[in-house]
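A.B. asks: next come a sequence and a model predicted from it.
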Amino acid sequence: MYYKKRPELMKLVEEFYRAYRALAERYDHATVELRQAHRTMAEAFPNQVSYAPDGLHRDSFGLSMERNGGYPEESDSGINKKGLKQLDELFMSREAASRVSKVADGKMKKGLKVHEAAETEVQILKKALSEIQTEKERCSSSIPAELAEAISLERELKDVGGERDAGLLQYNKCLERISALENVISQTEEDSKGLNARAIKAEIEAQHLKQELAALEAEKEAGLLQYTNVFNSMMESEIFNAQEDVNRLNSEILTGAAKLKNVEEQCFLLERSNHSLQSEAENLAQKISTKDQELSEKENELEKLQASLQDEQSRFILVEATLQTLQKLHSQSQEEQKAWHLSFKIVSNLEGFGDIQP
């Protein structure tokens, strides 16, 4: 379960296992070579070298013993150097004795012909001696090499055993590390469960917050729609009132323009009458200057003329007052025109704002 989540642990265990198997194979190979060397030496010297196939066979299965918790003991039955020095003498004496006994038996079997048999025996002994010498030389040349090979195999076996022990120690450390990592992983899983619970709780709170946010958004949209409707209705009413004011101002402006036109016409008529009155006054003055003599005769006419002059003066005063009134009306009409232009601009801006609103 944990190994699937942590593939690097599996990789580390596999590497240690491969190294351990390689050491075990080297150990088994060395034990096989050593067993063959012991077998060869035991066959060559059966009375001096004891061949223990069970012990060697038991050593060759060191891997299974190590897996069960035991460690094979190193063999202390090495080759005795002093005994190896005496191998030539022992070999020579035993081989010679065996062959001499064989020749003696043949001689006893042959029986009567002693003289002829003696010559044959001499030849056989010479031949046997030469064979023994040849075999001695062959064995003398092969035994040191096999002995050196056996010693090297024993040394290699010891080295392999040390490497194997180191590999087992490292393997045990790896197992301890794996167990520690498993504890860390279990603790991490417990922490992750707590974090998952907290994450679920946070997700539920986030869902509640999202729902509240959606409700607030809906309320905001409803309020915005209501505000838009109220604002549009207010703007429509204001635009309608502004249009009515504009129409009223337009009618007042038209009325004022008509009044202004009438006043201008009256002013023009009054100016004309004023000019005529001035001309008449000049004529009257001339007449007065020329007709000083007729003053007495014309007193009644003069009084009438004075009365008419007073009437004309009163009319003139009235005309002046009317002219001032017209000037005031003209200034008021100009102010009203300015106010009308300002109102028209306001109405235009309001109409543009109403077009912009959705």
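C.D. replies: It's in.
A.B. asks: helices of this structure, start to end?
C.D. replies: Using DSSP state H, the helices of the chain run over residues 2-5, 7-44, 53-60, 62-67, 81-85, 87-110, 114-290, 299-356.
A.B. asks: ok, now which ones touch residue 263?
C.D. replies: With contacts defined as Cβ atoms under 8 Å, 6 or more residues apart in numbering, the neighbours of residue 263 are 322, 326, 329, 330. To be clear about C-beta, it is placed using only N, CA and C from the backbone, and glycine gets the same treatment.
A.B. asks: now do residue 210
C.D. replies: Not one residue lies near residue 210 by Cβ under 8 Å, 6+ apart.
A.B. asks: residue 312 touches residue 274, doesn't it?
C.D. replies: No - under the criterion of Cβ atoms under 8 Å, residue 312 lies out of contact with residue 274, with a separation of 9.6 Å.
A.B. asks: please parse this structure into its domains.
C.D. replies: Taking automatic domain parsing as the domain assignment, the ranges for the chain are 2-202, 237-356.
A.B. asks: which of those domains has the lowest mean pLDDT?
C.D. replies: Lowest mean pLDDT within the domains of the chain: domain 2-202, at a mean of 61.
A.B. asks: can you point out the buried residues in stretch 265-281?
C.D. replies: Buried positions in stretch 265-281, judged by neighbour count with 16 or more other Cβ atoms under 10 Å: 267, 270, 274, 277, 280.
A.B. asks: dump those residues into JSON lines; add distance to residue 240 as well.
C.D. replies: Formatted as JSON lines, the entries for the buried residues of stretch 265-281 read as follows, by distance: Cβ to Cβ, whole Å:
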{"residue": "267", "distance to residue 240": "40"}
{"residue": "270", "distance to residue 240": "44"}
{"residue": "274", "distance to residue 240": "49"}
{"residue": "277", "distance to residue 240": "54"}
{"residue": "280", "distance to residue 240": "58"}
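A.B. asks: between these, which sits nearest residue 180?
C.D. replies: Residue 180 has its nearest neighbour among the buried residues of stretch 265-281 in residue 267, at 118.4 Å by Cβ to Cβ.
A.B. asks: who are the contact partners of that closest one?
C.D. replies: Residues in contact with residue 267, defined by Cβ under 8 Å, 6+ apart, are 323, 326.
A.B. asks: of the contacts of residue 263, which is the nearest to residue 131?
C.D. replies: Each of the contacts of residue 263 was scored against residue 131 by Cβ to Cβ, and residue 330 proved nearest at 168.2 Å.
A.B. asks: got a list of what that closest one touches?
C.D. replies: The neighbourhood of residue 330, defined by Cβ under 8 Å, 6+ apart, consists of 260, 263.
A.B. asks: apply 7 Å and report the result again.
C.D. replies: Residue 330 makes contacts with residue 260, as judged by Cβ atoms under 7 Å, 6 or more residues apart in numbering.
A.B. asks: any idea how far it is from residue 303?
C.D. replies: If you measure residue 330 against residue 303 using Cβ to Cβ, to the nearest Å, the figure is 39 Å.
A.B. asks: what's the answer for residue 214, then?
C.D. replies: Computed as Cβ to Cβ, the residue 214 to residue 303 distance reads 103 Å.
A.B. asks: can you check residue 228 too?
C.D. replies: Using Cβ to Cβ, one obtains 83 Å as the distance from residue 228 to residue 303.
A.B. asks: cool, residue 11 as well?
C.D. replies: Distance check for residue 11 against residue 303: by Cβ to Cβ, it reads 147 Å.
A.B. asks: what about residue 300, neighbour count?
C.D. replies: Residue 300 is flanked by 8 other residues according to other Cβ atoms under 10 Å.
A.B. asks: then residue 326?
C.D. replies: Number of residues near residue 326 (other Cβ under 10 Å) recorded here: 20.
A.B. asks: doesn't residue 331 make contact with residue 260?
C.D. replies: No - in this structure, residue 260 is not within contact of residue 331 by Cβ atoms under 7 Å, at 10.7 Å.
A.B. asks: these two: which is more packed in?
C.D. replies: Taking other Cβ under 10 Å, residue 260 and residue 331 do not tie; residue 260 has more neighbours (17 against 10).
A.B. asks: for that one, what are its contacts?
C.D. replies: By Cβ under 7 Å, 6+ apart, the contact list for residue 260 reads 329, 330, 333.
A.B. asks: may I see those arranged in JSON lines, with distance to residue 243 as well?
C.D. replies: Supplementary listing: these in JSON lines, determined by distance: Cβ to Cβ, whole Å:
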{"residue": "329", "distance to residue 243": "26"}
{"residue": "330", "distance to residue 243": "27"}
{"residue": "333", "distance to residue 243": "22"}
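A.B. asks: for residue 20, state which of those residues is nearest.
C.D. replies: Proximity of those to residue 20 (Cβ to Cβ) peaks at residue 333, which lies at 118.7 Å.
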